[in-house]
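Engineer: Give the three-dimensional model of this entry:
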Amino acid sequence: MKFKSLIAAAAIATAGLGTVATMPVAHAQAKEQFFPVLVYRTGAYAPNGVPFANGYVDYLKYVNAKGGINGVKVSYEECETGYATDKGVECYERLKGKGATVFQPLSTGITFALTEKAPGDKIPLLTGGYGRSESTDGGVFKWNFPLAGTYWDAADVLVQHVAKK
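Structural biologist: Presented below is the predicted three-dimensional model:
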């Protein structure tokens, strides 16, 4: 009886080792998250774009200096749009394949152009105070996040303020 138990244990151990030996090896992935940085350091809106770009890049560097986001380092790449829609779409197409976390188009025209692309690519768009008014309804554009509202929200605030005066 003991011999049969020993043979059975050896067979189970051999099968187990064979399974472990043929399992795919899990490779350590780089702890890095990519943030594309669309900027407009040139063009008519450069006086607004330069400080934003500088501040955003400084912030990403600061995040890394503090150890990243929960230990995950941040990588980024700037792409100059000049506030032009065609250049913004070109930047999006070039940078999305690098594992983009989120895009901040920083332009109404670029936002409009990317609104239809974002759901297919599953990349969120952050639009700070601009973009399509319908994006405030998450059921319409599920990949647009209009932080601080839209132009229509700003117009409403202005009208409410004037009405109070």
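
Engineer: From here on, just use CA atoms for contacts and neighbour counts.
Structural biologist: Will do.

Engineer: Start and end of stretch 89-107, how far apart?
Structural biologist: Taking Cα to Cα, to the nearest Å, stretch 89-107 runs 11 Å from one end to the other.

Engineer: can you map out the strands along this structure?
Structural biologist: Remark: strands assigned in the chain by DSSP state E are 32-39, 73-80, 125-126, 144-145.

Engineer: Return the most buried member of those.
Structural biologist: Mean neighbour count (mean count of other Cα atoms under 10 Å) peaks for strand 144-145 among those, with a mean of 23.

Engineer: Show me the shaky parts of the chain.
Structural biologist: 1-30 (pLDDT under 70).

Engineer: 50 - rerun?
Structural biologist: The chain contains residues with pLDDT under 50 at 1, 3, 6, 8-11, 13-15, 17-23, 25-27.

Engineer: about what we covered before: could I get the strands of the chain as TSV with distance to residue 155?
Structural biologist: Listed next are these as TSV, based on distance: least, Cα to Cα, whole Å:
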stretch	distance to residue 155
strand 32-39	26
strand 73-80	30
strand 125-126	20
strand 144-145	19
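
Engineer: now the nearest residue to residue 114 once chain neighbours are set aside: how far from residue 31?
Structural biologist: Excluding the flanking residues, the one nearest residue 114 by Cα to Cα, 6 or more residues apart in numbering is residue 89, at 7.0 Å. For residue 89, the distance to residue 31 equals 28 Å [Cα to Cα].

Engineer: neighbour-wise, which of the two wins?
Structural biologist: Counted by other Cα atoms under 10 Å, residue 89 and residue 31 do not tie: residue 89 has more neighbours, with 19 against 12.

Engineer: Assess the claim that that one and residue 111 are in contact.
Structural biologist: No - shown here, residue 89 and residue 111 do not form a contact pair, counting by Cα atoms under 8 Å, at 9.1 Å.

Engineer: what about residue 47, distance to residue 149?
Structural biologist: In this view, residue 47 and residue 149 are 23 Å apart by Cα to Cα.

Engineer: Show me the helices in this structure, by range?
Structural biologist: 2-22, 46-65, 85-95, 108-115, 118-121, 151-164 (DSSP state H).

Engineer: Since that was my last question, I'll sign off now.
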